[in-house]
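Asker: predicted model and sequence follow; I will ask about them next.
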Amino acid sequence: AQSVSQHNHHVILSEAASLELGCNYSYGGTVNLFWYVQYPGQHLQLLLKYFSGDPLVKGIKGFEAEFIKSKFSFNLRKPSVQWSDTAEYFCAVKSSASKIIFGSGTRLSIRP
Amino acid sequence: KAGVTQTPRYLIKTRGQQVTLSCSPISGHRSVSWYQQTPGQGLQFLFEYFSETQRNKGNFPGRFSGRQFSNSRSEMNVSTLELGDSALYLCASSFRWGQGLSYNEQFFGPGTRLTVL
C-alpha cells in the first residue's frame, strides 16, 4: 500500500538557519508530489507541487523541493527561514490509481 | 472568490451521539473531499464526492458517511460517536475529481473541530 513518511515530527530552528524537511514515500510507479503548509489558525494551503519535468520544484515564499526518484524522496528546503515560517508542513503523494496520501506532518518552530 | 466554507467551526458532542458537518466548495468546483486531521496522524482521507457520487473512499468504518448535493455542497455524518473521533475535519474542493495524475489542486476549508466527551 502507498504510504508517506515524514520522520521529523518537530523541528526547531533559529531565524536565518537553513531548513530541510524529509519526505519519503513508498510507491514504485508514477506519482504526483505535494507539500502543504498550515500556518497557525489558517487553512491548509499548497506550498509546491511536482508533476513532471525538472525535479527541482520552486514554490511560494522561497521554498523548494527536490524529487529524487531513486530515493523515493521529496524533501522540502529553504535556505534561510524566518519567524513567519512557523507552521506545520505536510508532504503528500498521489498515484494514478489512488487517492492522495498525506504524511503525519512536521511542526516547524522558529526562534526569533 | 469565496473560499471553501465549513460549518460549524466547533462542535462538542458526547459518546453515542451523531453529528453532521457541512462543506460548501468554491464556486464552480464540483469535487469535495473530506479528511480527518489528528495530532501525529496527519490527514487521513475519508471520501471524495463528485457530481453527487462517491468516487473514492478511505479506510474508515461505516459510521462515517457522506453525501453531495446537486449544488456541490457536501455533508459528512458520523454516527455513534466515539472518543477517538475527536479531530479536525477538513473539507477540500477542486474542479475535477482525483482520477489519474492530471493536475487538480485542492483548496482546503478552515475545518470543523469536533470534540467528543
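Answerer: Perfect, I can see it now.

Asker: against A:T86, how distant is A:V37?
Answerer: Per Cβ to Cβ, to the nearest Å, A:V37 is found 10 Å from A:T86. For every residue, glycine as well, the C-beta is placed using N, CA and C.

Asker: can you pull out the strands in the chain?
Answerer: Went with chain A since none was named. Applying DSSP state E to chain A gives strands spanning A:3-5, A:10-14, A:19-21, A:24-26, A:31-38, A:44-50, A:56-58, A:64-68, A:73-78, A:87-95, A:101-102, A:106-111.

Asker: that's the other chain; I wanted chain B
Answerer: Using DSSP E, the strands assigned to chain B run over residues B:5-7, B:10-13, B:19-24, B:31-38, B:42-50, B:53-57, B:64-68, B:74-78, B:87-94, B:107-108, B:112-116.

Asker: can I get those in a markdown table with mean pLDDT, distance to chain A and mean neighbour count?
Answerer: Shown next, in a markdown table, are the strands of chain B (pLDDT from 0 to 100; distance: least, Cβ to the nearest Cβ, whole Å; neighbours: other Cβ atoms under 10 Å in any protein chain shown):
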| stretch | mean pLDDT | distance to chain A | mean neighbour count |
| --- | --- | --- | --- |
| strand B:5-7 | 97 | 10 | 17 |
| strand B:10-13 | 97 | 13 | 14 |
| strand B:19-24 | 98 | 13 | 19 |
| strand B:31-38 | 94 | 7 | 23 |
| strand B:42-50 | 91 | 4 | 23 |
| strand B:53-57 | 89 | 5 | 14 |
| strand B:64-68 | 97 | 14 | 19 |
| strand B:74-78 | 98 | 16 | 21 |
| strand B:87-94 | 95 | 7 | 23 |
| strand B:107-108 | 92 | 4 | 21 |
| strand B:112-116 | 97 | 12 | 18 |
